[in-house]
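Engineer: The following comprises the amino acid sequence and a computationally predicted model.
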Amino acid sequence: MSPEAVNDTIKSRHIRDFAAVTRRLLHGSRLFIDEGAVIEVLVNPASGLLKWGPAHRQMMRRLNRLAEAQSTSEIPREGLEVRFHETESREHAGDKAVKLARSLVSSGKPGKRLIILAGGDGFHNDICTALLKAVPEIMKDVILFRLPMGTGNDNADAATVEEAFAILGSSSGTRKDSLIEARTARGIIHYAFNVTSFGLDAYVSELTNRMKTLAGPRLIYKIFADVAVLVYEKKWPLKPWKISISGPGGRIIREGRFLLTIFGRKGDTRYGGGMKVLPGEENFLLFQPLSLMGIMRIKPLFYKGAHRGMPIAEFFKADEVELSHNGPILMETDGEVIHLENEDFPLTLKKVPDVLRILK
């Protein structure tokens, strides 16, 4: 065991093994080689690749091969501190992240401050939301990096585990990232770091969340997309929207019933296990109602982004959107589903640029 590991807070043996190989990779890397760094790694043991089972064992084999190929050292690198923390719940993860961020910024130690999030989209969202609500003033001093280790990894800062550790192996730079702020009429704020959607897609997410432990995100999403299409309008009849869209072209008003309403922090955005829902530069989509047979015919187009250009799919470049809806509806933020009531409208969605510092 590395002498540094005595400062870890880990209960599970398999998470301890994950920490050991990750620590070895980080100490053998050139990450912030000139400046040094203090790194806190938050681990969600319930995330897809971190839950004990075949997927975790396969990932560990890949990480061990990376460590062997890089001839990484067991000796801690001078100027680099790494600590691991196994989380116990959503609340514990958020509280722990806030404490660590405060400690990092106030420590006075030389070098960069980096928090690595090992988990999936829900874990990433919970921690980033907790940080933004509790300590927004210090986010400029803390660097984040989100590992793709969940059943859904649309928010992650790398597409694969190998790509993530390639970035961690040599990076010394950062980039700014934006987010979505959803503010209800009751003053409640929700954050999303990839996509916020309403209606059918949010219902698919609700069904997917109940069953995602049974298979991978892409397969589960496809299965429940089919199920949701069959029953959605019986459970959630389409009701009128009034939507005000503000963007580079000015203000646009749209009214009517929409099957899909999707807002991304940027264009060229994927989610739902890689579905190209916003395939172009536009970041806001309104999709007109269709018959059941019509939905089933066009659904495969969403996986390729081929729905762009269809007359029933209207895309916009939007900085802010105000939505009024006649009745309750589901909203999803990065896969987490929120039940909205009449009192939550009008609801405002807004892109907030350059909030997070991300390792690149």
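Structural biologist: Yes, it's here.

Engineer: What helix or strand is Tyr191 located in?
Structural biologist: Using DSSP states H and E, Tyr191 falls within strand 189-192.

Engineer: Just checking the distance from that strand to the centre of its chain.
Structural biologist: With Cα atoms, centre = their mean, to the nearest Å as the basis, strand 189-192 stands 12 Å off its chain's centre.

Engineer: for that strand, packing partners?
Structural biologist: Contacting strand 189-192 under the criterion 3 or more Cβ pairs under 8 Å, 6 or more residues apart in numbering; DSSP states H and E are the following elements: helix 121-134, strand 174-183, strand 329-333. In short, each C-beta sits where N, CA and C put it, glycine included.

Engineer: now the second one and helix 121-134, what's the angle there?
Structural biologist: Angle, strand 174-183 to helix 121-134, by axes from the mean of the first three to the mean of the last three Cα atoms, to 10 degrees: 80 degrees.

Engineer: Tell me where the stretch 51-200 of the chain has helices.
Structural biologist: Using DSSP state H, counting those that start in this stretch, the helices of the stretch 51-200 of the chain run over 54-69, 90-106, 121-134, 161-170, 200-211.

Engineer: Turn the helices and strands packed on strand 189-192 into a markdown table, including mean neighbour count.
Structural biologist: Listed next are those as a markdown table, based on neighbours: other Cβ atoms under 10 Å:
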| stretch | mean neighbour count |
| --- | --- |
| helix 121-134 | 23 |
| strand 174-183 | 17 |
| strand 329-333 | 24 |
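
Engineer: do you know which of the ones you listed lies nearest Gln58?
Structural biologist: With Cβ to Cβ, the closest approach to Gln58 among the helices and strands packed on strand 189-192 belongs to helix 121-134: 19.9 Å.

Engineer: Now mean pLDDT and distance to Glu35 too, for the helices of the stretch 51-200 of the chain, in TSV please.
Structural biologist: Compiled in TSV, the helices of the stretch 51-200 of the chain are given as follows (pLDDT from 0 to 100; distance: least, Cβ to Cβ, whole Å):
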stretch	mean pLDDT	distance to Glu35
helix 54-69	93	24
helix 90-106	96	14
helix 121-134	95	22
helix 161-170	94	14
helix 200-211	80	40
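
Engineer: quick check: mean pLDDT across stretch 272-290?
Structural biologist: Summarised as a single mean, pLDDT over stretch 272-290 is 90.

Engineer: What residues sit buried inside that stretch?
Structural biologist: 272-273, 275-279, 282-287, 289 (16 or more other Cβ atoms under 10 Å).

Engineer: Tell me the one of those residues nearest Ile298?
Structural biologist: The nearest member of the buried residues of stretch 272-290 to Ile298, counting by Cβ to Cβ, is Phe287 at 9.3 Å.

Engineer: Can you give me the separation between the closest one and Gly264?
Structural biologist: 14 Å (Cβ to Cβ, to the nearest Å).

Engineer: quick one: buried residues of stretch 59-71?
Structural biologist: Neighbour counts using 16+ other Cβ under 10 Å place 59, 63, 66-67 of stretch 59-71 among the buried residues.
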